[in-house]
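> 3D model of this:
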Amino acid sequence: MRREVLPVMAVERSLEGEVRSLVMLSLSVFIVLSWTMAIVEPGPVQWACIMYAMLLIFSGVFVLIYPGGLRLGVIRWSYVVPGAAAGITVGALVEVLGGPGLPPGTISAVLALVVAPVVEELFFRGAVLRTVGGFIPEKAVVYGIVAGLFAAYHLIVWSAAPLTAVPYFVFGVLQCWLADRYDLAACIMTHFCMNLAILVLALA
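Numbers count the residues shown, from 1 in each chain. Sure, this is the predicted structure:
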């Protein structure tokens, strides 16, 4: 059964004050963290941790406003094999084209295999996909916008090589389709496989 993109503008009048407060809070935290990054000048790992904190904050705000907005779901065998194959293929292509710029190490591995698949999918294929879908009815346009943001995020935050924008964009479109057709569990599993392929090839 096909799921419709969750409209974001359907906020009850009684919640307008709470929504405004949450938006102001998230913007305030974003500004504080941005100034912190400008002053402290963190390294790649610290920068990634700060960005993940911001993504979690915005995702949390979305959940508070729309408790049913994120469809987490469960892993299904029907998409494990094709999802894993797609993730590994994109991951290999990303690494061949230059890969992300995060330095090797245990912390980087944890970020890539545990934190990134969960946090990035909650944000991009959860909050952002549903939010953009609430304003734009055409799914192809919604997928393109979210995938473009996903690719730009990896170029900026992870200092990925410019050529990796293409596979990241294609992967972003695939993930949007998975989130719409299945749930976020499918996206997280596929994302994990992509990052695992990148790490394995980087260490090879």
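
> centroid residue for the protein?
E120 (2.6 Å; C-alpha atoms, centre = their mean).

> M54 is in contact with that residue, correct?
No. Assessed by C-beta atoms under 8 Å, E120 is found out of contact with M54, at 11.8 Å. Glycine gets a C-beta too; all of them are placed from N, C-alpha and C.

> for this structure, which segments count as helices?
16-40, 44-65, 77-96, 106-110, 116-120, 129-135, 139-157, 165-181, 184-203 (DSSP state H).

> can I get these in TSV with distance to R71?
Converted to TSV, those look like this (distance: least, C-beta to C-beta, whole Å):
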stretch	distance to R71
helix 16-40	21
helix 44-65	12
helix 77-96	14
helix 106-110	26
helix 116-120	14
helix 129-135	9
helix 139-157	15
helix 165-181	7
helix 184-203	6
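
> ranking these by mean pLDDT, which is last?
Looking at those, the lowest mean pLDDT belongs to helix 16-40 (a mean of 59).

> thought C49 was touching V110?
No. Between C49 and V110 there is no contact under C-beta under 8 Å: 10.5 Å.

> which of these two has more neighbours?
C49 (14 against 11; other C-beta atoms under 10 Å).

> ok, that one - contacts?
L111 (C-beta atoms under 8 Å, 6 or more residues apart in numbering).
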